[in-house]
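> Predicted model, plus sequence, below.
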Amino acid sequence: MPDVSGAAFKNRTRAAGFLGRGPWFWLGMTCASTAALVGLALSDAIESKGTVFILFIVPLLSMVAMAVSLLRLNEAGSGNCVPKGIAQRRYIKRVAIFTSLYLATFAFMTFADEAFVVPLAGRVAIALLPGLAVSGVFWAIARLIIEEQDEFLRMLTIRQTLIASGFALSLASIWGFLESADLVVHLDAYWVAIAWFFGLLIGAGANFAQHGTMGVA
């Protein structure tokens, strides 16, 4: 008779995660590293934008680890997540590709800015590359919504992205008015995208609290 004890279930879940850790661990790592990075940036402990971008690799990789952990848990049939299909696997692969492109293009931008005197047209082209890679992640989420055949999973993904959009736009609006009143420091526009990705985590938590599964995005 198969072992269905709590210990066996726990061991199977850990084995199916990423580096022996489940999605909640990587969610916590993402939140903690993002909060630490924002705090360091706002306190002027980090003055270089390049350093901020490089350190942002940590929460970004934690998000990727969380996605991989979710996929492995679903494939292992842990019982905590809705089984995923082809659309979700395509989504995770696309996100992994665009995340890799972001890391590579940003590293190239940082290196080129410090090592060479790049003309204006070249600087514009190089600076566009990381932004286009981030845009690719948005495209991957849109393709997931289009390709997903399970209506419940599609609803979870749409709900998650709506929560993320509301969080990011609300935060941007509040910060913008505080900035216009000279009460807070200026933040570059790319922080809105960072807030949106953080909002995906909030949406995942909301999905789990209400439906017992975090969704995909």
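It's in.
> same for the host helix or strand of residue 130, what does it pack against?
Under the criterion of DSSP states H and E, residue 130 resides in helix 120-147. Applying 3 or more CB pairs under 8 Å, 6 or more residues apart in numbering; DSSP states H and E, we find helix 120-147 packed against helix 86-115, helix 151-180, helix 190-211. To be clear about C-beta, it is placed using only N, CA and C from the backbone, and glycine gets the same treatment.
> ok, 10 Å please
Judged by 3 or more CB pairs under 10 Å, 6 or more residues apart in numbering; DSSP states H and E, helix 120-147 is in contact with helix 57-76, helix 86-115, helix 151-180, helix 190-211.
> Relative to residue 188, how far out is residue 60?
For residue 60, the distance to residue 188 (CB to CB, to the nearest Å) stands at 17 Å.
> Quick check: mean pLDDT of the helix holding residue 130?
Helix 120-147 comes out with an average pLDDT of 90.
> And it, how far out from the chain middle?
Centre-to-centre, helix 120-147 and its host chain are 14 Å apart (CA atoms, centre = their mean, to the nearest Å).
> Now the element after the worst-scoring helix or strand of the chain on mean pLDDT, going C-ward?
Least confident helix or strand, the chain: helix 6-16 with a mean of 46, by mean pLDDT, DSSP states H and E. Using DSSP H and E, the helix or strand that follows helix 6-16 in sequence is helix 23-42.
> which other helices and strands contact that following helix?
helix 49-55, helix 57-76, helix 190-211.
> okay, those helices in CSV with mean neighbour count next?
What follows is the helices and strands packed on helix 23-42, written out as CSV (neighbours: other CB atoms under 10 Å):
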stretch, mean neighbour count
helix 49-55, 15
helix 57-76, 20
helix 190-211, 18
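> Minimum distance to residue 149: which of the ones you listed has it?
Minimum separation from residue 149 across the helices and strands packed on helix 23-42 (CB to CB) falls at helix 57-76, 15.6 Å.
> mind checking how far the residue nearest to residue 179 when sequence neighbours are not counted is from residue 193?
Leaving out its chain neighbours, the residue that sits closest to residue 179 by CB to CB, 6 or more residues apart in numbering is residue 186, at 6.0 Å. The gap separating residue 186 from residue 193 is 16 Å, by CB to CB.
> Just say helix, strand or coil for the residue nearest to residue 179.
At residue 186 the chain is in coil, as set by DSSP: H, G, I helix; E, B strand; the rest coil.
> So residue 118 belongs to a strand, correct?
No: counting by three-state DSSP, one finds residue 118 to be coil, located in no strand.
> Enumerate every residue touching it.
Shown in contact with residue 118 (CB atoms under 10 Å, 6 or more residues apart in numbering): 109, 112, 124-127.
> Among these, which pair sits farthest apart?
112 and 124 (12.3 Å).
> Looking at the two, which has the bigger crowd around it?
residue 112 (15 against 10; other CB atoms under 10 Å).
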